[in-house]
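I'd like to go over a predicted model; first the sequence, then the structure.
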Amino acid sequence: ERSMVQEGLTAQMLKGVRAVTHTDAEWLRRRIGETVADRQRAIEQAFGRAMKRPWVRAALNSPLQLIALGVNYSQRDRILRTERTDLPTFLLSHLKRVAETDLERNWFAWYAIAGHFNHDRSDAVPPYLRECHHRESRRATTTMSYANGNLFDTLRSAGPGTWTHYTLCDAVDWMPAPVQKELLDEIVRTSKDGARVLYRTVEDGSLVERHGMDRHLRLDVEASRIASELDRTRQYRRVNFYTVTH
């Protein structure tokens, strides 16, 4: 009856964007059969025009907007420094990169533009929400638990060989260098041999190599290449898979 994901700060922000740009599911459906160039022209017309309004630009540059997007101040400063532009222009270029993807099945784009997934296709939702996987999960013997607290407290309290899988988003990119190194050390210490680490990064360089951890975290080059190409969000430079060796 009530969708939790429609009531958060990000959802409210996206709802406001759709109202200002007059975009919705039908607008997105019209983009599916177009060339990338035509899609980008449509984005420029809808979003570029809206972003020229002073109050829209002020809203996009506000701290509240950064929180809604999950962008911290270090990330913002780096964007402004490396891209040599402002946030509204950066966001517009990001939308144009998303336009290069398979828009019919890109659930990231559908949630942002339409406020829901493309229900015309069963494969246009994240794998963990697909009906076939839900049926499998009900029969699975896997147990799951959640820890609501500091990541490092959880890692430090675990013994060697505790986990086999780790997923890291780009929050690691914004950690101070000593904290990055501690995180990698704790992953190696708490992992079983052959554990897998998925790390999404906004960097072209290698965090693992920079901290001298490539002996313990071996990059799977082909899997990383495919994952990077298939990234639907276009938020990351790289999506890297590592195998842990002790």
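Nice, I can see it. Quantities reported herein were computed from a predicted structural model and do not represent experimental measurements.

for the helix or strand harbouring Val17, packing partners?
Under the criterion of DSSP states H and E, Val17 resides in helix 9-21. With contacts taken as 3 or more C-beta pairs under 8 Å, 6 or more residues apart in numbering; DSSP states H and E, helix 9-21 sits against helix 63-69, helix 107-114. Backbone N, C-alpha and C define where each C-beta goes, glycine included.

can you give me the buried ones in the next helix or strand after that helix?
Going down the chain from helix 9-21, the next helix or strand is helix 25-32, by DSSP H and E. Neighbour counts over helix 25-32 (16 or more other C-beta atoms under 10 Å) mark 25, 28-29, 31 as buried.

what's the angle from helix 25-32 to helix 107-114?
130 degrees (axes from the mean of the first three to the mean of the last three C-alpha atoms, to 10 degrees).

what average pLDDT does helix 25-32 get?
For helix 25-32, the mean per-residue pLDDT is 96.

again, but for stretch 100-116
Stretch 100-116 comes out at a mean pLDDT of 93.

how far does that stretch sit from the chain's center?
13 Å (C-alpha atoms, centre = their mean, to the nearest Å).

now what about that stretch, what contacts it?
Residues from elsewhere that reach stretch 100-116 (C-beta atoms under 8 Å, 6 or more residues apart in numbering): 6, 11, 14-15, 17-18, 23-25, 27-28, 31-32, 36, 39, 98, 117-118, 121, 123-126, 232-234.

then stretch 237-246?
In contact with stretch 237-246 (C-beta under 8 Å, 6+ apart) are residues 187-188, 191-204, 206, 208, 215-220, 223-224, 227-228, 230-231.

which of those residues are buried, as a ChimeraX select command?
Listed next is the ChimeraX selection for buried residues among the contacts of stretch 237-246, using 16+ other C-beta under 10 Å:
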select :187,188,191,195,196,197,198,199,200,201,202,206,208,216,217,219,223,224,227,228,231
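
just to revisit the earlier point, show me which of the buried residues of helix 25-32 is closest to Trp174.
Set against Trp174, the nearest of those by C-beta to C-beta is Leu28 (31.0 Å).

which residues of the chain fall in strands?
With DSSP state E, the ranges of strands along the chain come out as 163-168, 191-201, 217-219, 238-244.

out of these, the one nearest Leu64 is which?
strand 191-201 (24.6 Å).

using PDB, list the CA coordinates for the closest one.
Once non-C-alpha atoms are left out, strand 191-201 reads as follows in PDB (Å, rounded to 0.1, in the frame of the first residue of the first chain):
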ATOM      1  CA  SER A 191      38.600 -13.600   4.500                       C
ATOM      2  CA  LYS A 192      38.900 -17.200   3.500                       C
ATOM      3  CA  ASP A 193      41.400 -18.000   0.800                       C
ATOM      4  CA  GLY A 194      39.800 -17.500  -2.600                       C
ATOM      5  CA  ALA A 195      37.300 -14.900  -1.300                       C
ATOM      6  CA  ARG A 196      35.900 -12.500  -3.800                       C
ATOM      7  CA  VAL A 197      36.000  -8.700  -3.400                       C
ATOM      8  CA  LEU A 198      33.800  -6.500  -5.600                       C
ATOM      9  CA  TYR A 199      34.900  -2.800  -5.600                       C
ATOM     10  CA  ARG A 200      33.200   0.000  -7.500                       C
ATOM     11  CA  THR A 201      35.500   3.000  -7.800                       C
END
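
buried sites along stretch 164-174?
166, 168, 170, 172-174.
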